[in-house]
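Colleague: Got a sequence here, can you model it:
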Amino acid sequence: MTAIIICLLAMLLLQMLSPFWWWVMIVPFAYGVAAARSGGRALLNGLISAGLLWLGGSLYFLLKGGRIIAGRMAHMFGLGRAWPLVVVSALIAAVAAAVSGYAGFTVRALFKKASPKVKTSSEHEGRST
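Modeller: Numbering: from 1, shown residues only. Below you'll find the predicted structure:
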């Protein structure tokens, strides 16, 4: 839970300070590389933190005067109302961040040194050359 809050706050701060949207992919990737204990945790951390961030952001902008543009965008996509657009945008961000977090974990696993295999005496006895 702590990792989700930290990632959510980091993404929020970085998105407020810069005009770029792709922090929702960089922060979970960095978490996956640096601190995730498993691929599932990296995936869930990205999914929940980015999903909550974009859901909250979408709701904030919708309720603060974005109803007209959100309604027009929803109509353009065939969703009818603005609320499904809010949910769809949050789901897209959540899935992108989840994949990014899992990718970070697998990149770390890729570059981890494999421990050398130690042959046991039973393996030596099995081979007769």
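
Colleague: Mind giving me the packing neighbours of the host helix or strand of Gly71?
Modeller: Here Gly71 sits within helix 67-76, counting by DSSP states H and E. Counting contacts by 3 or more Cβ pairs under 8 Å, 6 or more residues apart in numbering; DSSP states H and E, helix 67-76 packs against helix 82-111. In this view, the C-beta of every residue, glycine as well, is placed from N, C-alpha and C.

Colleague: Between helix 67-76 and the helix it packs on, find me the angle.
Modeller: Here helix 82-111 runs at an angle of 80 degrees relative to helix 67-76 (axes from the mean of the first three to the mean of the last three Cα atoms, to 10 degrees).

Colleague: which regions of this protein sit below the pLDDT cut-off?
Modeller: 113-129 (pLDDT under 70).

Colleague: now do 50
Modeller: By pLDDT under 50, the chain contains no weakly predicted segment.

Colleague: Now find how far off-centre stretch 74-93 is within its chain.
Modeller: 20 Å (Cα atoms, centre = their mean, to the nearest Å).

Colleague: Would you mark the buried spots in it?
Modeller: Burial within stretch 74-93, assessed by neighbour count using 16 or more other Cβ atoms under 10 Å, is assigned to 74, 79, 82, 85-86, 89-90, 93.

Colleague: Can I get these in a markdown table including distance to Leu12?
Modeller: What follows is those, written out as a markdown table (distance: Cβ to Cβ, whole Å):
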| residue | distance to Leu12 |
| --- | --- |
| Ala74 | 25 |
| Leu79 | 26 |
| Ala82 | 22 |
| Leu85 | 21 |
| Val86 | 17 |
| Ser89 | 16 |
| Ala90 | 14 |
| Ala93 | 13 |
